[in-house]
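Participant: with the input below, show me the fold.
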Amino acid sequence: MSLSISLVGARGRMGRTIVELAPEQGLSIASALDTGDDLAAGLARGDVIIDFSFHEATAEVIAHAVRLGKPLIIGTTGHSLERRAALLKEAAKVPCVWAGNYSVGVNLLNALTERAAAVLSDDYDAEVVEMHHRFKKDAPSGTAARLLEIILAARQLGPEALRHGRQGVPGERTRREVGIHALRGGDVVGDHTVIFAAQGERIELTHKASDRAIFARGALRAAAWVSGRAPAVYDMQDVLGLGPANAAPTTVAAATNTASSAA
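Facilitator: Coordinates of the predicted model:
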């Protein structure tokens, strides 16, 4: 018998893609739900819950998952730092994968960024540039927020070091700042570039998504992986074997997000 999915956010862009691709991953959709539907009844049908709905619904989805004792995949972004910290505590009561981006390539980008940030000194100015379609509501993206957190942790900096674009006469760039630039337009699925620029050379790490199917396949892979795991909050780094188990998702840079939008 294949693993079955209870999906929240089924009518969104990501939700529709997950419904379409689940069979090719050997998974079935037990219930396709959206906020406003009877979540209590619908979430009871599947073996694993996947949530790509809206950040205001996350608490209710987690509460049902805990009540039912079911594994949970969360792909919703846009939670404040304080709200996310509280939700993480609740989500840890069941096996949960929580990631801002479920692409295999993006999670490799995270690992490469972590390595580069550890090797390169602050002689290399770090900047992150992301671009998404015109309909995306939150900025920076959850993926960019995760990249920022990786850089801040490597350089032992807090969120006050972030510079969201620059205007006027901000003065010379200091070594203790990290720039973030969010571009919006057209139908761009998701582009992310991490730049380390020094005197005489520049290193750029770039990932460009052309089909949101990569995110859906990653989320479905996470659903298959998390089934049977111990209660804890995991990241896609764990799913892919790229990082230590039980690594918590974004906490520091997540404070920059203000509203949610499925990729």
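
Participant: what about Leu147, how many neighbours?
Facilitator: 32 (other Cβ atoms under 10 Å). No exception for glycine: its C-beta is placed from N, CA and C like everyone else's.

Participant: name the nearest residue to Val104, sequence neighbours excluded.
Facilitator: With Cβ to Cβ, 6 or more residues apart in numbering as the criterion, Val104 has its nearest non-adjacent residue at 5.9 Å, and that residue is Gly218.

Participant: not counting its neighbours along the chain, what's nearest the residue nearest in space to the middle of the chain?
Facilitator: Compute the mean C-alpha point of the chain, and by Cα atoms, centre = their mean the closest residue is Gly100, 0.4 Å away. Closest residue in space to Gly100, ignoring its immediate chain neighbours: Gly142 at 2.6 Å, by Cβ to Cβ, 6+ apart.

Participant: what's the answer for Ala63, then?
Facilitator: Nearest non-adjacent residue to Ala63 (Cβ to Cβ, 6+ apart): Glu90, at 7.2 Å.

Participant: ok, that neighbour touching His64?
Facilitator: No. Contact between Glu90 and His64 fails when scored by Cβ atoms under 8 Å: they sit 11.0 Å apart.

Participant: between the two, which one's more packed in?
Facilitator: Shown here are Glu90 and His64; by other Cβ under 10 Å, His64 has more neighbours (21 against 16).

Participant: skip the chain neighbours and tell me the closest residue to the more buried one.
Facilitator: Excluding its sequence neighbours, the residue lying closest to His64 (Cβ to Cβ, 6+ apart) is Leu43, at 4.7 Å.

Participant: OK, contacts around the one you found?
Facilitator: Residues counted as contacts of Leu43 (Cβ atoms under 8 Å, 6 or more residues apart in numbering) are Ser6, Val8, Ser31, Leu33, Ile49, Val61, His64, Ala65, Leu68, Lys70.

Participant: by neighbours, which of the residues you listed wins?
Facilitator: Ile49 (30 neighbours).

Participant: tell me which stretches of this protein form strands.
Facilitator: 3-8, 27-33, 48-51, 72-74, 95-98, 125-132, 162-164, 178-184, 190-198, 201-209, 232-234 (DSSP state E).

Participant: mind checking the ones you listed for the one nearest to Arg115?
Facilitator: strand 201-209 (9.8 Å; Cβ to Cβ).

Participant: residues of that closest one that come out buried?
Facilitator: Leu205, His207, Ala209 (16 or more other Cβ atoms under 10 Å).

Participant: and what of stretch 161-169?
Facilitator: In stretch 161-169, counting by 16+ other Cβ under 10 Å, buried: Ala161, Leu162.
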